[in-house]
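**Student:** Predicted model and sequence follow; I will ask about them next.
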Amino acid sequence: MSAFSEAALEKKLSELSNSQQSVQTLSLWLIHHRKHSKTVVNVWFNELKKAQVSRKLTFLYLANDVIQNSKKKGPEFTLDFAPVIVDAFKHVYREGDEGCKKQLGRVLSIWQERAVYEPNLLDQLSQVLYGETKSKKRSYEEIHPDDEGFSSHSSPAESPQTADLIRALQELENAASSDLVLRRRISSLPDEVQDSSLLHRITDKESGERLSRLVEEACMLLADYSGRLAAEIDDRRQLTRTLTVFLQSQKDGLAQNEQKLEEYKRKLARVTQVRKELRSRLNNLPERLYNSSN
């Protein structure tokens, strides 16, 4: 993996594109050089402010990938991004269009659900996007429908959780385990990059350097895919918890509505009986006699 320098980082940031591969490749390089995290964050923030409007959101995608995927190796990036991330959100929000602002909200939602930062910092980010009066996004575990409110919904589609649940399921359709193209690339890696017992085949420096480049590319490819699979596992675990809570809420709502149905059936039976008895009584009453003079 190439050596770290500010100039090298600036060059890589200038070449950063909005593709997932580009973001993840640079993210892996930065995480590898995490001992330079303070410098990385400073250069990242300066380049973000200078970037074209159409590229600014990509810088935040990169920060998101680095912050989330570096946590297992250490807290450096999480801590060093914290002092500038609010200003970065403000800058991108101010410069971006509605689509950009929506994507910022998506990043914030993920950070809230995964508790990437402390609530105070997440609240500051929420205020940047939504203002003082916008309540923050709650996780499913925090949502407890009240008896009357839940029972008033005529169908599960009206439940406030459903839209997010559908979106989470749709996102898994493009998860790492479904990336057939990348899996074919991995399966087609030459035997030499996977079996050290074959290194005796190297007979000259040129073939050795060629194999070295292949090994380097294979390491990046496999590290990238491993990171994506690990993130997918986290997402699926979160979705499993979400589905469990959602299913229980549906069961609770069903039981409540069944009770109310029985209650209103009893009320209907009583009202029907009153109607029947009232009609019988009316039929047995004599008609009013009128004075002929009237």
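**Tutor:** Looks like it arrived, so ask away.

**Student:** Assign Phe4 to helix, strand or coil.
**Tutor:** Under DSSP: H, G, I helix; E, B strand; the rest coil, the three-state class of Phe4 is coil.

**Student:** For it, which residues are in contact?
**Tutor:** By C-beta atoms under 8 Å, 6 or more residues apart in numbering, the residues touching Phe4 are 33, 36. To be clear about C-beta, it is placed using only N, CA and C from the backbone, and glycine gets the same treatment.

**Student:** how does this protein divide up, domain by domain?
**Tutor:** Following the TED database, the chain resolves into domains at 8-130, 162-249.

**Student:** In terms of mean pLDDT, which of those domains ranks lowest?
**Tutor:** The stretch with the lowest mean pLDDT among these is domain 162-249, at a mean of 78.

**Student:** Roughly how far does Ile110 sit from Glu171?
**Tutor:** In this view, Ile110 and Glu171 are 11 Å apart by C-beta to C-beta, to the nearest Å.

**Student:** So between the two, which is more surrounded?
**Tutor:** The neighbour comparison of Ile110 against Glu171 (other C-beta atoms under 10 Å) goes to Ile110, with 15 against 12.

**Student:** just the helices in the chain please.
**Tutor:** Residue ranges of the helices in the chain, as given by DSSP state H, are 6-14, 20-32, 37-50, 53-69, 76-95, 98-113, 119-130, 147-151, 162-172, 180-187, 205-284.

**Student:** measure the residue positioned nearest the centre of the chain to Gln127 for me?
**Tutor:** Centrality entry for the chain: nearest residue to the mean C-alpha point is Ile110, 4.3 Å, by C-alpha atoms, centre = their mean. Ile110 sits at a distance of 18 Å from Gln127 (criterion: C-beta to C-beta).

**Student:** ok, now Gly227?
**Tutor:** 31 Å.

**Student:** More neighbours: those two, which one.
**Tutor:** Each of Gly227 and Gln127 has its neighbours counted (other C-beta under 10 Å); Gly227 has more, 19 against 16.

**Student:** need the contact list for the more buried one.
**Tutor:** Gly227 touches 24, 28, 69, counting by C-beta under 8 Å, 6+ apart.

**Student:** Kindly report the same for Ile31.
**Tutor:** The contact partners of Ile31, by C-beta under 8 Å, 6+ apart, come to 66, 69-70, 73, 77.

**Student:** Just among those, which is most surrounded?
**Tutor:** When neighbours are counted by other C-beta under 10 Å, Val66 leads the contacts of Ile31 with 28 neighbours.

**Student:** show me what contacts it?
**Tutor:** Val66 touches 27, 30-31, 77, 81, counting by C-beta under 8 Å, 6+ apart.

**Student:** will you turn the residues you listed into JSON lines that also has distance to Arg106?
**Tutor:** Below are those laid out as JSON lines (distance: C-beta to C-beta, whole Å):
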{"residue": "Ser27", "distance to Arg106": "18"}
{"residue": "Leu30", "distance to Arg106": "22"}
{"residue": "Ile31", "distance to Arg106": "22"}
{"residue": "Phe77", "distance to Arg106": "20"}
{"residue": "Phe81", "distance to Arg106": "18"}
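
**Student:** Can you verify my assumption that Glu47 contacts Ser14?
**Tutor:** Yes - between Glu47 and Ser14 a contact is recorded at 7.5 Å, counting by C-beta atoms under 8 Å.

**Student:** Those two: which has the busier surroundings?
**Tutor:** A count of neighbours by other C-beta under 10 Å puts Glu47 above the other of Glu47 and Ser14, at 18 against 11.

**Student:** Gln52 versus the closest residue to that one other than its chain neighbours, what's the distance?
**Tutor:** Excluding the flanking residues, the one nearest Glu47 by C-beta to C-beta, 6 or more residues apart in numbering is Leu13, at 4.6 Å. Separation of Leu13 from Gln52 (C-beta to C-beta) stands at 12 Å.

**Student:** Please say which of those two ends up with more neighbours.
**Tutor:** Neighbour tally, Leu13 and Gln52, criterion other C-beta under 10 Å: the higher count belongs to Leu13, 22 against 7.

**Student:** which residues sit in contact with that one?
**Tutor:** Here Leu13 is in contact with 26, 43-44, 47, 51, 59 (C-beta under 8 Å, 6+ apart).
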